[in-house]
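Undergrad: Would you be able to build a 3D model of this:
(chains A, B and C)
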Amino acid sequence: MKIKKYLPALLLGSSALLLAGTLGAQEMATEVPFEDAYAAFMETPGAAFFTISNLWLLISAALVFIMHLGFATVESGLGQSKNTVNILFKNVFIVCMGVLTYAFWGFNAMYPGFAEGSAGVFAMGKWFDVTASVDLMTSEYANYTWYTDFIFQAMFAATAATIVSGAVAERVKLSSFMIYATLLVTFAYPLTGSWKWGLGWLDMRGFYDFAGSTLVHGFGGFAALACVLILGPRAGKYVDGKIKPILGHSMPLATTGVFLLFLGWFGFNGGSVLSADPYLVSLVFVTTTLAACAGGLGAIFTSWIFLKKPDLSMGLNGILAGLVGITAGADVIAPKFAIITGLLAGIIVVFSIIFFDKIKIDDPVGAISVHGVCGVFGTLAVGLFGECAEGVGGIGIQLLGTLSVGATAFVFSLIVFGLLKVVMGVRVSPEEEAEGLDIGEHGQEAYPDFSASR
Amino acid sequence: MKIKKYLPALLLGSSALLLAGTLGAQEMATEVPFEDAYAAFMETPGAAFFTISNLWLLISAALVFIMHLGFATVESGLGQSKNTVNILFKNVFIVCMGVLTYAFWGFNAMYPGFAEGSAGVFAMGKWFDVTASVDLMTSEYANYTWYTDFIFQAMFAATAATIVSGAVAERVKLSSFMIYATLLVTFAYPLTGSWKWGLGWLDMRGFYDFAGSTLVHGFGGFAALACVLILGPRAGKYVDGKIKPILGHSMPLATTGVFLLFLGWFGFNGGSVLSADPYLVSLVFVTTTLAACAGGLGAIFTSWIFLKKPDLSMGLNGILAGLVGITAGADVIAPKFAIITGLLAGIIVVFSIIFFDKIKIDDPVGAISVHGVCGVFGTLAVGLFGECAEGVGGIGIQLLGTLSVGATAFVFSLIVFGLLKVVMGVRVSPEEEAEGLDIGEHGQEAYPDFSASR
Amino acid sequence: MKIKKYLPALLLGSSALLLAGTLGAQEMATEVPFEDAYAAFMETPGAAFFTISNLWLLISAALVFIMHLGFATVESGLGQSKNTVNILFKNVFIVCMGVLTYAFWGFNAMYPGFAEGSAGVFAMGKWFDVTASVDLMTSEYANYTWYTDFIFQAMFAATAATIVSGAVAERVKLSSFMIYATLLVTFAYPLTGSWKWGLGWLDMRGFYDFAGSTLVHGFGGFAALACVLILGPRAGKYVDGKIKPILGHSMPLATTGVFLLFLGWFGFNGGSVLSADPYLVSLVFVTTTLAACAGGLGAIFTSWIFLKKPDLSMGLNGILAGLVGITAGADVIAPKFAIITGLLAGIIVVFSIIFFDKIKIDDPVGAISVHGVCGVFGTLAVGLFGECAEGVGGIGIQLLGTLSVGATAFVFSLIVFGLLKVVMGVRVSPEEEAEGLDIGEHGQEAYPDFSASR
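TA: Predicted structure coming up:
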C-alpha cells in the first residue's frame, strides 16, 4: 500500500521527527525542539497508522529474534550430544556479534549507502545512528522509526551466519568459524543485501525478493556450500563408498526449533510488509502458513514413498523448505499458488538432501538444501506464480538475482574460509572430533548427568 | 463492544474492500479498483481501529500456533522416550493437515455455510477464498480481513485432533490415526463449530461459548474418550487389578509445553474478542490468567492432600484445567469468579484423572479430564458465574450445548475410529508397543545417544 | 512523551470509562451507563493511541509471562537432573501464587497505596479491582485500562521470588521456600516497589529505575543473598578448601531459558514505556538488544581470557547481565552507551560469579551476580550514562535507592527465612540432598527413562 493520502502529513511530521532525532542523537543536547516536533507529528492523522506499524515491526523484530533460538535448537537437536555445547555457543555468539557489527557497519552499508552517489555498486558502512538516515525516513514507505528499522534488520542480519553454522557443525574449528561468521555478517551480507533492499542494481532491474529467499536464505545456503566443500565431511560419514547416517541426538529439540522458526517467520515475512497494512499483512500470514504446511506434507509423503517410513526430520525440513520457498513472494503469490510453492519446496528438499548426501557433501542439518536450494526455488517461484507489477519479478531477472547473490556468497566464503584454512586451520583434530567439540573447544559437556562417561 | 458509530464508515469501507478483495481473488485481474477502494477505506475514521484489531488477531493466530508446539512438548514429555518421535510426528502432521483441510473445506463449512438457506443444520464447505465471505466482512463485528479470520480460525481447527493425539499416544497405529484425525478436523469440527460460531441452532437458542470450552476442548475431549475406549489401555498399565504408572520421560519438556499453552491461550482467548477493544481484551487477559493460576494452585494443593506429595504433573494439568475452564466465559465472568472457576477446575481435574484411571480408561496425558471434563465444567461455569445478556448462557442451554457437541464428537469418533479398527486396525502390535513406536513406525529414535540400546 | 494534546479527551473519556468500570466491577449491575461512556471514549481522537498502547502492554504482559518459562528452564538446566522436578515445581508455583497474591494484596499496595495520605511510607493492599484505581487511570500517563495495568505488573511481581529460587536450588526445603516466596512477593516486593513506582519517597527524591534494575532484579538478588547465607552451600561444593564445580545437567535447556528471557525482556523493558510511543519503544528495543549482545560478548571474551576456554554458561549469564544492566535506564541511555553498559555488565558478572564462589557463597545459577550485582550496576549506570531531567537519576540518589531497596530485601529475607529456619527448617536432609529433591520432595523423577537407577 502506498499511503499517498497521508504523505504530506507524514513528510512534515517525520521530517520534523528526524531532524529532531538527528539533533537528539548528537548527545541529546537540544531536547526541546525534538519533543515539540515529535508531539506535532503525533497529532497528525497518520500518527495512528505510524504507531501501529512501528509497533508491528518491533514485535516482528522480537519474532525474528526467536528464530535464533529456533536455529540453536534445531541445529543442536540434529547434531550429536557431544557437540551440543559447541553448536549452542556458536548461535549465542552469532546473535551477539551480528547485532553489534550491524550497528557499527552493516546497517548503513546495506541501506543508505547507495543514497550518495555510490551508483549501486558498493556501500560503505558506518555507525547506524547518523543523519544519513533522514532520506529513508521521509520516504513514503517509512511507517516506523529509524531505531525500529535498525533493530528489525539487525535481527535478520545474523541469520545468514547461523545457516552456515548448521552446515559446518560437528567438525569446524570454533575460532576460525567465529572470524569467518563475523566477516560474512559484517561485510558480505550487507553488500548483497544492498543490491536489492538498498535499492541497488538488482532492484533497479526489477528483481523481486520480498523477505529474503535469496538475500537471506539463498545467501546463507551458498555460503554454507562453500564452507562445507572446504571443510569436508564428518569422520565416519562416508566409509567405503557407503553413507553412514550420523543421528541427531534429540528430536524434541529439533522439533521445537522448527516450530519456533515457523513462529518467527510470521515476523520475518509479516514484518517485511514494513507496515501494519491489514490486507497485506494478513495475506502474508496466510501464504506463509499455507506454504509451510504444504511443505511439511510434501516432504512427509515424498519421504514416506521413497524412504518407506514417515520420517520426522524430513517433515521438519519440509516445513522449513515451504517457508523459505514462499519468502520471496509471500505478498505477491495468491494463496492457492502459495500451497503449490510450498508443496514443491517440500518435495524438492527431500531429493536435494538425498542428492547432496550421494555426492558426499556432508550437511548435518540439511541447511544447503533448505536454505540454498529452496531459496533459489522460492525466488524463481515469484516469476512462476507471483502477481507483480510490469517488469518486476520476471523469471529472467529472478534467476540472475538469485545466482548473483548466491555466487557472491559462495566466492566470498571460498576465499575467506579458504584463507582461514591456510592461516589457522578450519577443522578440529580427528581426536577432538571423535571426543566431541564440547570437551575439545569448551571443556564442558551438554548433559553431564547422562553422558557416556557417566 | 458494538462500534456502532463507525458502522457506516466500516460498512462502506469494508464493502468496497471486500468487493475489491473478491475481484482480487479472481486471479487479481482488476487490481486498480481494489487499490482505490482499499485506499478509500483506510482513510475512514474506523481504519485505525480496524488496523489495530486486525493486527491483534494476526498476533493471536501466531500465539495459537505456538500452542501446537505446547501440545507437542507436553504430550511427548508425558510419554515414554521410545514413543517420542511418533508423538512429535503426529503433532507436526496435524498442524500441516489441519490448516490445509480447513482452507479446502472447513472454514467455509463452519462459517458462511449457514448463510444460504441451510437452516442451521448442515454446512457445505469449499475453498476458503471465495465471494461467500462478503456477508461476514460487512457485519458490524468485522474488525479484520477475511484472510485474518481464516488464519485465526485455522490455527484453532487442528487443536481438536491434537487433543485426541495425546490420549491415544503410545499404542495407536500411525496411518489409522492420520486418517481419523483428518476426517475429524475436516468434517466433524466445522460441523459442531457451526452450531454456535457459524450462528447455527445452538447460537439461536442462546448457547454461549466465548472461545471454545465446548467447541474446541470439550469436542476434543469427548472424541478422545471414544478413541481410547476403542483402543484400550497401554500394555502393562492395568495388571492384576492394579494400576501401574507409566512415567513420562521428560518433565522439563512437559513443563515447557504447559507454559507455551498458557502463553498461546492469551491469543486463544484474547483473540476471540475479535477486536482490540481495550476493555474486553484486558478483561480477558485478567480472567484467563487468574483462572490458570487458581487452577494450578487448586490442583497442587488437592493432589498434595490426597496423594501426599506435591505433584508437578498435577500442577501442570491444573493450569490447563483452569485455562480450559475459563475459556467459555472469559469475557463475561468477573475476575473474582474467574478465580473460583479456575480453582474448581483445578480441583476437578485431579479427581477426574484419578477416576478415569480407576475405571481403567488409560489416557497418558490426562486429555479427557483436562479438555473433556473441564470443557464441560467451563461451559456450565458461564451459567453459574457469567454476566450474559438476557436469555443467553443459562445453565440449561449450556448443558444442552456442551452435551450435544460432546455427544457428536463421541459418536463420530466411535463410528470412524471403529470402522478404521475393522478395516485396517488402529493399534500397533504388542511387539511394536513394547519396542516403541519410534522404531516401529518411523525407524528413528528420539535420543539415539541416550537410548537403552546405546 | 506527555500526550498533553489528548489530555482533555483522555481525561473525559477515561473518567467516564473508570467511573463506569467501577460500577461495572460492582457486580456489573449497571451495564448501560458503562457501555455508553465507553463508546463515547472510543470516539475521541485519543482512542486509537489508547487502544494501541493498551494492546502493547497486554502483549508485553504475555512476553514477561514467558520469562517465567525462561527462568524455569535456565534454572533447571543449570541444576542437576535429580533436582529438576523440584525446580520446575517451584517456578510453576511461584507464577500461580504470585499473580493471585498480587491481585489480593500486592497491586493496591504497590500503586495507589500512597494516594491516600500514607505519606510515602507504607502502603496497605487490598483486592485489586476497586474504585481506588480511578486516580491512576485519569492521570496523563494512563494509556491502558486498569486491568491491563494489573496484569502487566502482576507478571513482574513473581519474578523477584523466581530469582531467589535459582540461588537456593538443590538444597532448599520446598514447604519453607513456598512460605518465604509467598511473603516476599506479597509484602516485601510491593513495599519497595511503591517507593519508586508508587510515587513514594525514592521517586520524590529523583531516583530513576525505568523497568526495575533495582526494584525487580536488585531486590531479588539481595533477597537471594540473604537466603543463601542462611542456607549454606550445597554438599560437596566446597571440600577441603577447594571449589568443586557441580555441573548443570542440560545446556540446551539453559540456553533456551536465556533466549526466552531475552525475548521476554522486550516486553519487560518495552512495555515499561507504558504506551506504544513509537520513538520511546523503538529506542528501548535498541538499547535493550545492544546491551544484551554487548553483555554476551563481554562475558564470552572475559571468561575466554581468564578461564582459558570460551564458556557457554558465562556467555549466557553475560547476556542476562547486559539485560539487567540496561533495565534501569533503557529509555534514557543512548545506544552507544547502552553498548558500554552491557559490556561492563558482562565483564562484571564473570568476576562477580568467580568472587562469590571464592568466598564460598554457593549460587548454582549465578543469580546474585546477574540480578543483584548487575542490578546495582545498572542503577548506577543511569547516573553515569543516562540523559535524565534535572535532578533525576544522579549518582547519589541512584546509589541510595539501590542500596535502600537491596538492604530491605536482604533484611526482610534474613528475618523471614531465618525464622523459618528456626521454626521448621529451610534445608532438606543430607540424605535427601544426595538422593535428589525430586524423589525426596515429589516422589517423581524428571527423566525416568534415563536416570541412573535405570
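Undergrad: Please make it C-alpha for all contacts and neighbour counts, starting now.
TA: Fine.
Undergrad: Any residue of the helix or strand that A:N108 is a member of touching chain C?
TA: Counting by DSSP states H and E, the secondary-structure element that holds A:N108 is helix A:107-110. No - for a cut-off given as C-alpha under 8 Å from any C-alpha of the partner chain, helix A:107-110 has no contacts with chain C; the smallest distance is 13.2 Å.
Undergrad: for that helix, the distance to its chain's centre please.
TA: In terms of C-alpha atoms, centre = their mean, to the nearest Å, the centre of helix A:107-110 is found 16 Å from the chain centre.
Undergrad: who does that helix touch, helix- and strand-wise?
TA: helix A:146-167, helix A:189-196 (3 or more C-alpha pairs under 8 Å, 6 or more residues apart in numbering or on different chains; DSSP states H and E).
Undergrad: For A:L399, give me its contacts.
TA: Listed by C-alpha atoms under 8 Å, 6 or more residues apart in numbering or on different chains, the contact partners of A:L399 are A:376, A:379-380.
Undergrad: State the number of residues packed around the nearest residue to A:G418 once chain neighbours are set aside.
TA: Leaving out its chain neighbours, the residue that sits closest to A:G418 by C-alpha to C-alpha, 6 or more residues apart in numbering or on different chains is A:I230, at 6.8 Å. A count of nearby residues for A:I230, using other C-alpha atoms under 10 Å in any protein chain shown, gives 17.
Undergrad: For A:I230, give its distance to C:E75.
TA: Distance from A:I230 to C:E75, counting by C-alpha to C-alpha, to the nearest Å: 39 Å.
Undergrad: same question, A:S303
TA: The span separating A:S303 from C:E75 equals 39 Å under the rule C-alpha to C-alpha.
Undergrad: cool, and A:G322?
TA: 35 Å.
Undergrad: out of those two, which sits in the busier spot?
TA: Higher neighbour count among A:G322 and C:E75: A:G322, with 38 against 30, using other C-alpha under 10 Å.
Undergrad: which residues touch that one?
TA: Contacts for A:G322 were tallied using C-alpha under 8 Å, 6+ apart; they are A:291-296, A:341-346, A:374.
Undergrad: For chain A, which residue gets nearest to chain B?
TA: The minimum distance from chain A to chain B, using C-alpha to the nearest C-alpha, falls at A:C293 (4.1 Å).
Undergrad: tell me which element that residue is part of?
TA: Applying DSSP H and E as the criterion places A:C293 in helix A:278-307.
Undergrad: Which positions within that helix qualify as buried?
TA: Neighbour-count burial for helix A:278-307 flags A:278-304 (criterion: 16 or more other C-alpha atoms under 10 Å in any protein chain shown).
Undergrad: Those residues of the stretch 151-300 of chain A touching chain C, which are they?
TA: A:I151.
Undergrad: domain assignment for chain A?
TA: A:1-45, A:46-137+A:144-239+A:249-442 (automatic domain parsing).
Undergrad: Now tabulate these in JSON lines and tack on distance to B:A407 and mean pLDDT.
TA: Shown next, in JSON lines, are the domains of chain A (distance: least, C-alpha to C-alpha, whole Å; pLDDT from 0 to 100):
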{"stretch": "domain A:1-45", "distance to B:A407": "48", "mean pLDDT": "50"}
{"stretch": "domain A:46-137+A:144-239+A:249-442", "distance to B:A407": "31", "mean pLDDT": "92"}
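Undergrad: Please identify the deepest-packed of these.
TA: Of the domains of chain A, the one with the most neighbours on average (mean count of other C-alpha atoms under 10 Å in any protein chain shown) is domain A:46-137+A:144-239+A:249-442, at a mean of 24.
Undergrad: now it, how far from the chain's geometric center?
TA: Shown here is domain A:46-137+A:144-239+A:249-442, whose average C-alpha point lies 3 Å from the average C-alpha point of the whole chain (C-alpha atoms, centre = their mean).
Undergrad: for that domain, how far is the first residue from the last?
TA: One end of domain A:46-137+A:144-239+A:249-442 to the other measures 53 Å (C-alpha to C-alpha).
Undergrad: does the closest residue to A:G443 other than its chain neighbours count as helix, strand or coil?
TA: Across the structure, with C-alpha to C-alpha, 6+ apart as the measure, the residue nearest A:G443 apart from its sequence neighbours is C:K309 (6.9 Å). C:K309 falls in the coil class when you classify it by DSSP: H, G, I helix; E, B strand; the rest coil.
Undergrad: before we move on, which element is the nearest residue to A:L229 once chain neighbours are set aside in?
TA: Of all residues beyond its chain neighbours, the one nearest A:L229 is A:I361 (7.0 Å), with distances taken as C-alpha to C-alpha, 6+ apart. Following DSSP H and E, there is no helix or strand that holds A:I361.
Undergrad: any idea how far A:I361 is from C:T408?
TA: Computed as C-alpha to C-alpha, the A:I361 to C:T408 distance reads 61 Å.
Undergrad: Please apply the same query to A:F356.
TA: The gap separating A:F356 from C:T408 is 62 Å, by C-alpha to C-alpha.
Undergrad: swap in A:V228?
TA: With distances defined as C-alpha to C-alpha, the gap from A:V228 to C:T408 amounts to 57 Å.
Undergrad: and what of A:C227?
TA: A:C227 sits 56 Å away from C:T408, going by C-alpha to C-alpha.
Undergrad: Also A:T287?
TA: Relative to C:T408, A:T287 is positioned 54 Å away (criterion: C-alpha to C-alpha).
Undergrad: Ramachandran coordinates for A:E432?
TA: Backbone geometry at A:E432, expressed as degrees, to the nearest 10, gives phi -60, psi -40.
Undergrad: you'd agree A:G206 is in a helix?
TA: No - remark: A:G206 does not belong to a helix; assigned using three-state DSSP, it is coil.
Undergrad: Let me see the contact set for the closest residue in space to it that isn't next to it in sequence.
TA: Beyond its immediate neighbours in the sequence, the residue positioned closest to A:G206 (C-alpha to C-alpha, 6+ apart) is A:V392, lying 4.3 Å away. Contact criterion C-alpha under 8 Å, 6+ apart gives A:205-208 as the residues in contact with A:V392.
Undergrad: same thing with A:T186?
TA: With the criterion set at C-alpha under 8 Å, 6+ apart, A:T186 makes contact with A:98, A:101-102, A:105-106.
Undergrad: Recalculate using a threshold of 10 Å.
TA: Contact partners of A:T186, counting by C-alpha atoms under 10 Å, 6 or more residues apart in numbering or on different chains, are A:97-107, A:109, A:125, A:157-158, A:180.
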